[in-house]
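Undergrad: Structure here, sequence nowhere to be found:
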């Protein structure tokens, strides 16, 4: 329930920009990782490959990501396009508004608890 409520806040703020919270999360991940194989992006997003592949394909269709060959020509890599970088820049103010709304809803104790859980999950998944 908490996930749906918080995601709803982000989706509502991001809607006028033309991106969903899950897509923004993926774009941020690709931007941070740099050109990477889809499997590495799946691991970073904690998503199964079929869901991540479908989501990445939609973002390629929008022009936010590109898929090319890696160093050994057998490997595929996904990278952020200039349009994807522009989308990140346009979405940032909406993301900040959503962060503020979610923080107000959760209160300081709720934010601290989620931060602590996130750190534990990241530590376990590495």
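TA: Yep, that arrived. Bear in mind that the values here come from a model prediction, so they are computed numbers and not experimental data. Residues are numbered from 1 along each chain as shown.

Undergrad: I'd like to know how many residues surround residue 33.
TA: By other Cβ atoms under 10 Å, 16 other residues sit near residue 33. Glycine gets a C-beta too; all of them are placed from N, C-alpha and C.

Undergrad: same question, residue 59
TA: Residues lying near residue 59 (other Cβ under 10 Å) number 22.

Undergrad: Is it in contact with residue 65, as I believe?
TA: Yes. With contact defined as Cβ atoms under 8 Å, residue 59 reaches residue 65; the gap is 4.7 Å.

Undergrad: Skip the chain neighbours and tell me the closest residue to residue 62.
TA: With sequence-adjacent residues excluded and distances taken as Cβ to Cβ, 6 or more residues apart in numbering, residue 62 is closest to residue 83, at 7.7 Å.

Undergrad: host element of the one you found?
TA: If you go by DSSP states H and E, residue 83 is part of helix 82-125.

Undergrad: And that helix, how far out from the chain middle?
TA: Distance of helix 82-125 from its chain centroid, counting by Cα atoms, centre = their mean, to the nearest Å, is 10 Å.

Undergrad: shared neighbours of residue 59 and residue 65, anything?
TA: Listed as contacting both residue 59 and residue 65 by Cβ atoms under 8 Å, 6 or more residues apart in numbering are 27, 84.

Undergrad: Identify the residue spatially nearest to the most centrally placed residue in the chain, adjacent ones excluded.
TA: For the chain, residue 25 is the residue whose C-alpha lies nearest the centre (Cα atoms, centre = their mean; 1.0 Å). Closest residue to residue 25 apart from its sequence neighbours, by Cβ to Cβ, 6+ apart: residue 45 at 6.9 Å.

Undergrad: Roughly how far does that neighbour sit from residue 2?
TA: 19 Å (Cβ to Cβ, to the nearest Å).

Undergrad: The two: who's more crowded?
TA: Taking other Cβ under 10 Å, residue 45 and residue 2 do not tie; residue 45 has more neighbours (18 against 10).

Undergrad: As a quick check, tell me the outermost residue of this structure.
TA: The chain, Cα atoms, centre = their mean, max distance from centroid: residue 72 (27.2 Å).
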